[in-house]
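Enquirer: compute the structure for the input listed below.
(one chain, ligands or ions: 1)
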Amino acid sequence: MCGIVGAVANRDITPVLIDGLKRLEYRGYDSAGLAVIGSAHELDLRRSVGRVANLEKISNNVNGHLGVAHTRWATHGKPAENNAHPHTSSHQVAVVHNGIIENHHELRTQQKALGFPFRSETDTEVIVHQIDWHMQQGHDLLNAVKATVCELHGAYGLGVVSKHEPGVLIAARSGSPLLIGFGDNENFIASDMSALIPVSQKYTVLEDGDIAKITVNSVNIFDAQGKEVERKVNISTLSDDETELEGYAHFMKKEIHEQTRAITETLEGRLGSDSVLELPFGDSAREIFDRTKELKIIACGTSYYSASVARYWFEEFGIKCDVEIASEYRYRKHVVNDGTLFMTISQSGETLDTMAALEMAKTLGYSNTLCVCNVPESSLVRASDLTIFTHAGREIGVASTKAFTTQLVTLLMIAICLRRRMLGDGREVDTLEKDVVKELRSLPQQIENVLDLEEDIISMSKHFGNKENALFLGRGAHFPIAMEGALKLKEISYIHAEAYAAGELKHGPLALIDEDMPVVAVAPNDELLEKLKSNLEEVRARGGKLFVFADVESGLESDAETMVLNVAPVNNYIAPILYVVPLQLLAYHVALIKGTDIDKPRNLAKSVTVE
Ligand code: G6P
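Expert: Residues are numbered from 1 along each chain as shown. Sure, this is the predicted structure:
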């Protein structure tokens, strides 16, 4: 999603802005731009469609000590140079903006009447004209921004500069993340600390309603009431190591292969000899778990599928669990039973729909809020009573892989903790818990074994290169795994893929089966295997081609119509975490054949901070 970088320094800041934008490229965007105030106090604006490299080419003669830059993900107005940020007014003020201004029509009408010319189709342009107008009324830049944000409805993270105040960078935030990075006689702003890795380790996260005036040697932050406030200064632990490809062709491939290490980190310190420990989840975890009688889980995208897998575990353990997509949850009425824990799941911790759902949930009488998240200090983490981190490490590929499997591992540990309460206090650790713990410990090695199937998966992927559709089937907890497999394939190969609970095949999708519709099935050796086998026969009988990931003990074999890849036998609870890995690899290798932009698929963003 859109990225912001800004800098005020005693040196030329153009390279800092370009480098920062490159570091935000992974978030997904369609155009980029920068505005720099030069030594003659002129505002130099450069914008281009596509990669930051395009912007870099046209910015090599830009110099200055103050500037803002932006990567845009189109919401209002198509990806085009005139819609790219920064937006300017009278060539005096420049603004970069993340978020959406809901009353932009109204403001546009008023500003047109005042004679402001509009050059873009964006909602952002009204912000810059409004600031310009307030400056024309005699306000300095800080007060012009203060006056403007009072007139905006919607969400914004803003970076603002004016050629009339060549040493002042203004930042403002409401609903979209924005932070200030401190340097040595230089200061920065960014929507994500990773943009500032080489220039700053110390940072402050702005809170909703905050406006900051930033110069080379001062930072003054004002809250929504205009009162000057101190915000906590944090030390970033991000390093460049996590943003290197380390020899892999794509971050997605690197991240698929990192899953062994990532899961080891997720488990680190959380398992006793034969039980899941609760203390490492945080001081309040025990109390919150004690209060929990049922669960409501809200998430988006891949995180929603991990919640959907976990629902099978929770309910199997006797804990009522309801799972819902955040964008649906936030626009309907709710009945909340006593003792319901509201849980959000998010890789980034910044997904706007999930965040809005959490804010709404806080007014509805849930017992507590718990977030399962990968990014420390993100918005969801700050807004939740308790966060249990997945420790996946930085995920850069837009298509989520290691974030998903580490979420599942975390959720299974939480399910075990809640199960104990369902069974009653003071019990010995029972066989089921011991088995799950043993299997969790062996999971990194088991994933390693699945990764060894890669050559076979490459052969399988060749059957998909010329296809336009694919169907994914699974049953039980492997139905959401099939959905995640279909999502991976469509995200990065652009092949239309959908998933069905295999038992539903006969209620519609069977009509689609022919030799051009590859059918991918997830077939672990569980109590639903025989039912699934019958569903696969229904496909074969209609001339469909099957690609099956099965347990060696499933008794499924390859033939002319069916390609079976075997996975080692595994405990039923762990199986979904393992079976998603070959689906990730399949999607990756099909996308390689299709030649798509795997790490930054068209139209998608890593972190969706707009509605
Ligand atoms: C975007 C990403 C997905 C992700 C979803 C939810 O759509 O491309 O990979 O699953 O957002 O993101 P979150 O950070 O909340 O897990």
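
Enquirer: what residue in the stretch 501-611 of the chain comes nearest to the ligand?
Expert: residue 608 (4.7 Å; C-beta to the nearest ligand atom). Bear in mind the C-beta positions are built from the backbone N, C-alpha and C, glycine included.

Enquirer: could you measure from residue 554 over to residue 475?
Expert: Per C-beta to C-beta, to the nearest Å, residue 554 is found 13 Å from residue 475.

Enquirer: swap in residue 562?
Expert: Here the criterion is C-beta to C-beta. By it, residue 562 lies 18 Å from residue 475.

Enquirer: tell me which of those two has more neighbours.
Expert: Comparing residue 562 with residue 475 by other C-beta atoms under 10 Å, the one with more neighbours is residue 475, at 24 against 19.

Enquirer: residues in contact with that one?
Expert: Listed by C-beta atoms under 8 Å, 6 or more residues apart in numbering, the contact set of residue 475 reads 501, 502, 503, 528, 531, 532, 535.

Enquirer: now with 6 Å, please.
Expert: Shown in contact with residue 475 (C-beta atoms under 6 Å, 6 or more residues apart in numbering): 502, 528, 532.

Enquirer: now do residue 496
Expert: Residue 496 touches residue 469, counting by C-beta under 6 Å, 6+ apart.

Enquirer: tell me which residue in this structure sits closest to the ligand.
Expert: Counting by C-beta to the nearest ligand atom, the chain gets nearest to the ligand through residue 301 (2.8 Å).

Enquirer: not counting residues beside it along the chain, what's closest to residue 427?
Expert: Spatial nearest neighbour of residue 427, chain neighbours left out: residue 420 (6.9 Å); criterion: C-beta to C-beta, 6 or more residues apart in numbering.

Enquirer: distance check, the residue nearest to residue 373 when sequence neighbours are not counted against residue 358.
Expert: Take residue 373 and drop its neighbours on the chain: the residue closest to it by C-beta to C-beta, 6+ apart is residue 349, 4.5 Å away. Per C-beta to C-beta, residue 349 is found 10 Å from residue 358.

Enquirer: now residue 107
Expert: According to C-beta to C-beta, residue 107 stands 29 Å off from residue 358.

Enquirer: ok, residues contacting the lowest-mean-pLDDT helix or strand in the chain?
Expert: Here the helix or strand of the chain ranked lowest by mean pLDDT, DSSP states H and E is helix 529-540, holding a mean of 88. Applying C-beta under 6 Å, 6+ apart, the contact partners of helix 529-540 are 475, 502, 505, 513, 519, 521, 523, 546, 554, 561.

Enquirer: just the buried residues from those, in PyMOL please.
Expert: Selecting only the buried entries of those in PyMOL, with 16 or more other C-beta atoms under 10 Å as the criterion:
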select buried, resi 475+502+505+513+519+521+523+546+554
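
Enquirer: quick check, nearest of the contacts of helix 529-540 to residue 571?
Expert: residue 554 (15.1 Å; C-beta to C-beta).

Enquirer: surely the closest one and residue 522 touch.
Expert: No: using C-beta atoms under 6 Å, residue 554 is not in contact with residue 522; the gap is 10.7 Å.

Enquirer: circling back: I figured the residue of the stretch 501-611 of the chain closest to the ligand hits residue 353, correct?
Expert: No: look at residue 608 against residue 353 with C-beta under 6 Å: they stay out of range, at 7.5 Å.

Enquirer: ok, the two, which is more surrounded?
Expert: For residue 608 versus residue 353, neighbours defined as other C-beta under 10 Å are more numerous around residue 353 (23 against 20).

Enquirer: what about that one, which helix or strand?
Expert: Residue 353 belongs to helix 352-361 when assigned by DSSP states H and E.

Enquirer: pull the number of nearby residues for residue 504.
Expert: Every residue meeting other C-beta under 10 Å relative to residue 504 is counted, giving 14.

Enquirer: okay, now the unreliable bits of this structure?
Expert: Across the chain, the ranges flagged by pLDDT under 70 are 1, 27-28, 241-242, 425-426.

Enquirer: and it, which residues reach the ligand?
Expert: For the chain, the residues in contact with the ligand (C-beta under 6 Å from any ligand atom) are 300-303, 346-348, 351, 354, 398, 400, 604, 606-608.

Enquirer: of those residues, which is the most crowded?
Expert: Result: residue 346 is most packed of those (other C-beta under 10 Å), 32 neighbours.

Enquirer: ok so, going back, please point out which parts of the helix holding residue 353 sit buried.
Expert: 352, 353, 354, 355, 356, 357, 358, 360, 361.

Enquirer: one more: stretch 559-573?
Expert: 562, 563, 564, 565, 566, 567, 570, 571, 572, 573.

Enquirer: check contacts around the first one.
Expert: Residues near residue 562 by C-beta under 6 Å, 6+ apart: residue 546.

Enquirer: right, and the residue nearest to residue 373 touches residue 384 too?
Expert: No: judged on C-beta under 6 Å, residue 349 makes no contact with residue 384 at a distance of 9.2 Å.

Enquirer: more neighbours: which of those two?
Expert: residue 349 (26 against 21).

Enquirer: which SS class is that one?
Expert: Secondary structure, DSSP: H, G, I helix; E, B strand; the rest coil: residue 349 is coil.

Enquirer: could you pull up the contacting residues of it?
Expert: Residue 349 neighbours (C-beta under 6 Å, 6+ apart): 373, 375, 378, 379, 380, 381.
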